[in-house]
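> test case, fold it:
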Amino acid sequence: MNQIPSLKDQSALVTGADSGIGKGVALALAAAGAKVVINYAHNQAAADDVVAQITASGGEAFAVQADVSHEDDVKAMFAQMFARYGTIDILVNNAGLQKDSKFIDMSLADWNTVISINLTGQFLCSREAAKEFIRRGVVEDRSMAAGKIICMSSVHEVIPWAGHVNYAASKGGISMFMKSIAQELAPHKIRVVGIGPGAIQTPINKSAWDTPEALDKLLTLIPYNRIGKPADIGQLAAWLASDQADYITGTTIFMDGGMTLYPGFADNG
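This is a model prediction of the structure:
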């Protein structure tokens, strides 16, 4: 991926793009030539900063507030995108959060909040994007596919995570959601793929890496012995959205430094 794939003349929507992985993805898509909608839930200043970074580099972007778990918000966001860019070529379902607790102490509200944003949000956004992809079809000289949907998941779609049951359940759900809509949408020339990040240096997990002691403990879970950066995921997303990855659909690409290799077994054979 040393050569930046071309996403010229394509429009992209990245949910939860005001920080962390979403910001990294938005910057990478813009660097590849896409016009990018920066979705945010609450932090307009941070979203505006991402837009400013993109435009300062010669790209095109604008920010839209929407709670992806609310159907009316999602429909309004897509309407704003279509009014500005006319259509959508790439959707990156990135918005997500954690509300952690022991299972027996977990409230229904915290369960519902995580499932609603992490999983239902992907359903609502993917449905609106797929409608437009099918309506418009393939645009020659722009992309070999009618549209691309990237579902941001986690290594915890396959690794159980005690104390984070709602989060892990939402990511496991994303895996089967992604595969099922990939199967249904493939005849329309729509590709759907997942990205499963491991430990990435973002605000959502700052406590796991912001001290030397915490980072050392985290690195015991990562055979490659470094924490990931949002730019790592951004580069992968830009490649997956490009024609270079046109034959990939219905699978999750794990980008985790080897976390899914279960390093605890390395010395226990």
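> list the contacts for I253?
Residues in contact with I253 (CB atoms under 8 Å, 6 or more residues apart in numbering) are V193, G194, I195, G196, L236, L240. In this view, the C-beta of every residue, glycine as well, is placed from N, C-alpha and C.
> hang on, it in a strand?
Yes: counting by DSSP: H, G, I helix; E, B strand; the rest coil, I253 is located in a strand.
> and it, what pLDDT?
On pLDDT, I253 comes in at 98.
> tell me the bridge partners for it.
I195 (DSSP bridges).
> before we move on, the earlier item: now which of the contacts of I253 would you call buried?
V193, G194, I195, G196, L236, L240 (16 or more other CB atoms under 10 Å).
> my guess is the last one contacts C151. True?
So that's L240. No: if you go by CB atoms under 8 Å, L240 and C151 don't touch, sitting 10.6 Å apart.
> what touches both of the two?
Joint contacts of L240 and C151 (CB under 8 Å, 6+ apart) are V193, I195.
> hey, which helix is longest across the chain?
Using DSSP state H, we find that the single longest helix of the chain is helix 165-185.
> please name every helix or strand in contact with that helix.
Other helices and strands packing on helix 165-185, by 3 or more CB pairs under 8 Å, 6 or more residues apart in numbering; DSSP states H and E, are helix 108-115, helix 121-136, strand 147-152, strand 190-197.
> which of these sits most buried?
Ranked by mean neighbour count, these are led by strand 147-152 with a mean of 28 (mean count of other CB atoms under 10 Å).
> need the contact list for G163.
D100, S101, K102, F103.
> so which pair among those is furthest apart in space?
D100 and F103 (10.5 Å; CB to CB).
> right, and the helix or strand after the helix or strand bottoming out on mean pLDDT in the chain?
Using mean pLDDT, DSSP states H and E, helix 212-219 stands out as the lowest-scoring helix or strand of the chain, at a mean of 92. As assigned by DSSP states H and E, the chain's next helix or strand after helix 212-219 is helix 230-240.
> other SSEs contacting that following helix?
Using 3+ CB pairs under 8 Å, 6+ apart: helix 230-240 touches helix 20-31, strand 147-152, strand 190-197, strand 252-255.
> turn those into CSV, columns for distance to L108.
Shown next, in CSV, are the helices and strands packed on helix 230-240 (distance: least, CB to CB, whole Å):
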stretch, distance to L108
helix 20-31, 27
strand 147-152, 25
strand 190-197, 27
strand 252-255, 29
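> ok, which of those comes nearest E128?
Of the helices and strands packed on helix 230-240, nearest to E128 by CB to CB is strand 147-152, at 10.7 Å.
> now do that closest one, average pLDDT.
pLDDT averaged over strand 147-152 gives 99.
> likewise for stretch 92-102?
98.
> now do stretch 64-81
98.
> ok, and for that stretch, which residues are buried?
Within stretch 64-81, the residues scored as buried using 16+ other CB under 10 Å are V64, Q65, A66, D67, V68, S69, H70, D73, V74, M77, F78, M81.
> next one: stretch 94-106
For stretch 94-106, using 16+ other CB under 10 Å, the buried residues are N94, A95, G96, K99, M106.
> wait, which of these is closest to M176?
Of these, the one sitting nearest to M176 (CB to CB) turns out to be G96, at 16.5 Å.
> residues in contact with the nearest residue to the closest one once chain neighbours are set aside?
Counting by CB to CB, 6 or more residues apart in numbering, N118 is the residue found nearest to G96 once chain neighbours are left out, at 4.5 Å. Shown in contact with N118 (CB under 8 Å, 6+ apart): A95, G96, L97, Y167, S170, K171, I174.
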